[in-house]
Structures are given as C-alpha cells and as structure tokens.
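*Asks:* need coordinates for the below:
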Amino acid sequence: MLPEQLVHVKILHQTFVCRAVARTCYGRSSLNGYPGFGDREMLRAPALTREIMMSAPPNPLQSLIRNLSLRAPLDADDCRLMAALPVTVRTLEASTYVIREAERPGSCFVLMAGFAFRQKLTGDGTQQIVALHIPGDPIDLHYLALDVADHSVQMLTRGDIAVIARADLQHLVKTRPAVGHALFANMLAETAISREWIVNVGRRNALTRTAHLLCELGARLEAADLIDEYGYVLPMTQERLGDALGLTSVHVNRMLKELEIGGLISRTKRKINFPGWEQLRSIGDFNQRYLHLQADLFSHSG
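*Replies:* Below you'll find the model as predicted:
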C-alpha cells in the first residue's frame, strides 16, 4: 500500500443545522444553454432532510448524510447521530487499495473526496471494473452483514476516505431505524446500478456503452452537486474506461472520437462538455430511473 496520511477525528457534542442539502443543483441554469442537466426539475429532498449543511468545522460524514438524504428521509436527530460517529480520515493515493478481496473488513468506508472503483480479477489477471464511487458514496455497506470481501476496492484518483468502525455503524442502524432504512435504500440503488452495468457490457455496442457511462457519471455528479455548468472532468484514463466497458483502450479512444465528431461531446484534455446531451442520452440508451436519486427526479425525460 502506498503511504497514507492519517488524521484522527472525533466529533462530540457538535451542533448541526439542517439546511438545503439539495440546494439548487437541479434549479440552476442548464449546461451553457445545453438541454438535459440544469433544466431538470429542482431536486426535492424530503422536508426534514433537505438541509444538512453543518456548522464549521465541516464534518467528515456530511457528504454521506447528503447522499443518503437523496433516497430516504432522515430527521435532525438521525443526521446528528450519524455525524457524531467517530471516524478516521485517510488520504489515499490513486490505485491504493481500500479493501482487498478475501480481507475481513472491520470498518466501513465513506468516500469524502476523489473517486474510487470496485473491481474483480479473472484467473489470468484481467481486471473488470464493476462499479464507480463518487464523493459521498459509502463503500460496500454490505460488509455490515457480510464478513469477507468478495472483491477489491481501489482509489481511482487521490482522495480522502472516512473510516467508521463497523460495530459503531451497526449499533446506529439498530437504534435508529431510519438510518438503517437509508443505508438499505442506498444498497438497493447500488444493486440497480449493477444490473444496468450488466446490460451495458453484455448487450450494448461499444458506442452505446461509452455514451451510457458518460451519461451516468454526469447524472450522479450533478445529483451530488459536483458538476459545473459545462460538464465535468472525467476521472478515468481510457484504459480504466476500457476496464469498465469491456473494451480495449484503443477502442475507447475511437468511441470518444466518434462522439466528439458527432457533436455530442467536446473534450479539453479530460474535461468533457455536453453540447449534444439529449442526443447522447438517446445514443447511450440512458434512462436514469435506475439511479433512484429522488421520486419524480428527471420525470420529464421518462
């Protein structure tokens, strides 16, 4: 494992103010006038969980609470108790393992900054990326109930993770049913994303696969309010994209060029803009319902 910086954080008796978690991430103007992002309906989180921005200093679990609130209601006490969990914050370099297959995790992890991915290796050492994690994502909550890792998680970029003792989170789930429900809803959403990835790799052609992944990442980043008005910086090399799409890096390069020539995307280094967002959605066979980001979210697009 590469060197990591450890910062121990214990949050005790802090005051948390519930305020506009969803804010206006769906209410701002569209992507430089492009349809499909900012012109969607404003995100409407449940009334009691709409606002969970903490007073300074920022809490390491703020992004997790915000993420969970997109899919299930949490009241002020739920937010306060989640934020009060003792955590260790680790800064990890790209490619560092968060979890290795066959390990027995004693902790649960939340991605605070940067990107991570889940992967499996075949017998001959070929890697398949099976999921992407963005800031605010809990990493492998099923280890609250399962004792052995059946796959590995690595950092895609340099970033920070919050480490929570498994016993502490298990206790909170037992004593706060709404927290357990929110974590369960998140796991179900991850399962839905996994189903979509199976279809993407198993049944869609190379161009459709590539467009679909770009759309999914854009929708998820926007829901987390991590996208600017033009697009986002793609956190993956073409080789990593190939590992997620079941394609070679050469094939991925051709697909990106084809999307660019067609006017559906534009690129500046790794920055992806979307001048043809709706056409990209169509080519990518992308219906964001499976992301379960909020009831009635994106309802105008089917």
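
*Asks:* may I have the beta-bridge partners of residue 267?
*Replies:* In this entry, residue 267 is beta-bridged to residue 272, by DSSP bridges.

*Asks:* can we start the residue count at 6 from this point?
*Replies:* Okay, residue one is now 6; in that scheme the one you just asked about reads as residue 272.

*Asks:* distance between stretch 207-218 and the chain's centre?
*Replies:* When C-alpha coordinates are averaged (Cα atoms, centre = their mean, to the nearest Å), stretch 207-218 and its chain have centres 20 Å apart.

*Asks:* in it, what counts as buried?
*Replies:* Neighbour-count burial for stretch 207-218, counted by 16 or more other Cβ atoms under 10 Å, picks out 209, 211, 212, 213, 214, 215, 216, 217, 218. For glycine as for every other residue, the C-beta is placed from the backbone atoms N, C-alpha and C.

*Asks:* state the pLDDT value of residue 9.
*Replies:* On the pLDDT scale, residue 9 is placed at 40.

*Asks:* now swap in residue 76 and tell me
*Replies:* Predicted confidence (pLDDT) at residue 76: the value is 89.

*Asks:* so where's the stretch 206-307 of the chain shaky on pLDDT?
*Replies:* In the prediction, the stretch 206-307 of the chain carries residues with pLDDT under 70 at positions 299-307.

*Asks:* all helices for it, in order.
*Replies:* In chain order, the stretch 206-307 of the chain shows helices spanning 211-228, 243-250, 254-266, 282-288, with DSSP state H, counting those that start in this stretch as the criterion.

*Asks:* deepest-packed of those, please.
*Replies:* With neighbours defined by mean count of other Cβ atoms under 10 Å, none of the helices of the stretch 206-307 of the chain is more surrounded on average than helix 211-228, at a mean of 22.

*Asks:* mind exporting it as PDB, just the C-alpha atoms?
*Replies:* Output for helix 211-228, consisting of C-alpha atoms alone and laid out as PDB, is shown next (Å, rounded to 0.1, in the frame of the first residue of the first chain):
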ATOM      1  CA  ALA A 211     -19.300  -0.100 -27.900                       C
ATOM      2  CA  LEU A 212     -20.600   3.400 -28.800                       C
ATOM      3  CA  THR A 213     -23.700   2.900 -26.700                       C
ATOM      4  CA  ARG A 214     -21.700   1.600 -23.800                       C
ATOM      5  CA  THR A 215     -19.400   4.600 -23.800                       C
ATOM      6  CA  ALA A 216     -22.200   7.100 -24.100                       C
ATOM      7  CA  HIS A 217     -24.200   5.400 -21.300                       C
ATOM      8  CA  LEU A 218     -21.300   5.500 -18.900                       C
ATOM      9  CA  LEU A 219     -20.700   9.200 -19.600                       C
ATOM     10  CA  CYS A 220     -24.400  10.000 -19.000                       C
ATOM     11  CA  GLU A 221     -24.500   8.000 -15.800                       C
ATOM     12  CA  LEU A 222     -21.500   9.700 -14.400                       C
ATOM     13  CA  GLY A 223     -22.800  13.100 -15.300                       C
ATOM     14  CA  ALA A 224     -26.200  12.400 -13.700                       C
ATOM     15  CA  ARG A 225     -24.600  11.100 -10.500                       C
ATOM     16  CA  LEU A 226     -22.200  14.000 -10.200                       C
ATOM     17  CA  GLU A 227     -25.000  16.500 -10.800                       C
ATOM     18  CA  ALA A 228     -27.100  15.000  -8.100                       C
END
